[in-house]
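J.: sequence and computational prediction follow.
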Amino acid sequence: MKLTALAISIGCLVGWFSGFCLNVTTSLPVGLYRKVYGPLRYDDVVFFCLESRQFVTLAQERGYVGPGTCPGGLRPLGKQIHGLPGDVLNIDAAGAVSINGLAIPGSAPRTRDSAGRAMPAPELAPGVIPTGQALVLALADPGSFDGRYFGLVRIEGLTPVRPVLTYPIRRKP
């Protein structure tokens, strides 16, 4: 299992410098993605490294993110952009997110992960998303470890990608 993860990480590193990366998580359809360039837009798929030591440690300890090439030793996360600088982010009583008054279905954070462990208090706060920050979520996977928990991320650290060859995510019933 560890050897497979290492092989995937090395392949991803080589592919990354060639403009490609493999996604093996349930946050996005599994498959091959290619880096693209240009301004970020809503719903763009992006890859990035967790930067907060607190959340890198949590992700490692709980196995949310496998080993990889990021500075914290994890693989890059893949998510979709749901909020950009200047957007008004609101959070309702259940924790569900809305951007500019439009509710994002399925965005309420869970209180427990799939193993029954308490999830950290969400790092998101209502207000205007500041310059240089973005909200990234992976709503295709209701249990995804995303911006609902670790908050906004730096735009500078985001790499937009487009799918090249992907397969639908298969969920357990």
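T.: It's in.

J.: how many neighbours does Phe48 have?
T.: Phe48 has 19 neighbouring residues, counting by other C-beta atoms under 10 Å. (C-beta placed from N, C-alpha, C; glycine too.)

J.: quick check: it touching Leu77?
T.: Yes - look at Phe48 against Leu77 with C-beta atoms under 8 Å: they come within range, at 6.0 Å.

J.: and for these two, which residues touch both?
T.: Applying C-beta atoms under 8 Å, 6 or more residues apart in numbering, one finds that Phe48 and Leu77 are jointly contacted by Val136.

J.: and the pLDDT at Lys2?
T.: We have a pLDDT of 59 for Lys2.

J.: would you list every one of the helices in the chain?
T.: 2-17, 53-62, 147-150 (DSSP state H).

J.: rank those helices by pLDDT, which is bottom?
T.: The weakest mean pLDDT among these belongs to helix 2-17, with a mean of 59.

J.: strands of the chain, start to end?
T.: For the chain, strands defined by DSSP state E occupy the ranges 20-23, 30-35, 45-48, 77-83, 88-91, 97-99, 102-103, 127-128, 133-137, 153-154, 159-167.

J.: check what contacts the third one and list those residues.
T.: It refers to strand 45-48. By C-beta under 8 Å, 6+ apart, strand 45-48 touches 21, 23, 28, 33, 40, 76-81, 134, 136, 153, 157-163.

J.: in ChimeraX, select just the buried ones from those.
T.: This is the ChimeraX syntax for the buried subset of the contacts of strand 45-48, where burial follows 16 or more other C-beta atoms under 10 Å:
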select :21,23,28,33,76,77,78,79,80,81,134,136,153,157,158,159,160,161
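
J.: now do the phi/psi pair for the closest residue to Leu58 other than its chain neighbours.
T.: Nearest in space to Leu58, with sequence neighbours left out and distances taken as C-beta to C-beta, 6 or more residues apart in numbering, is Pro120 at 6.6 Å. Dihedral pair for Pro120: phi -70, psi 160, per degrees, to the nearest 10.

J.: pretty sure Pro120 sits against Tyr149.
T.: Yes - at 5.7 Å, Pro120 and Tyr149 qualify as touching, with contact defined as C-beta under 8 Å.

J.: can you pull the contacts of Pro109?
T.: Counting by C-beta under 8 Å, 6+ apart, Pro109 touches Gly95, Met119, Pro122, Arg148, Tyr149.

J.: one more time with 10 Å, if that's ok
T.: By C-beta atoms under 10 Å, 6 or more residues apart in numbering, the contact set of Pro109 is 91, 94-97, 119-124, 146-149.
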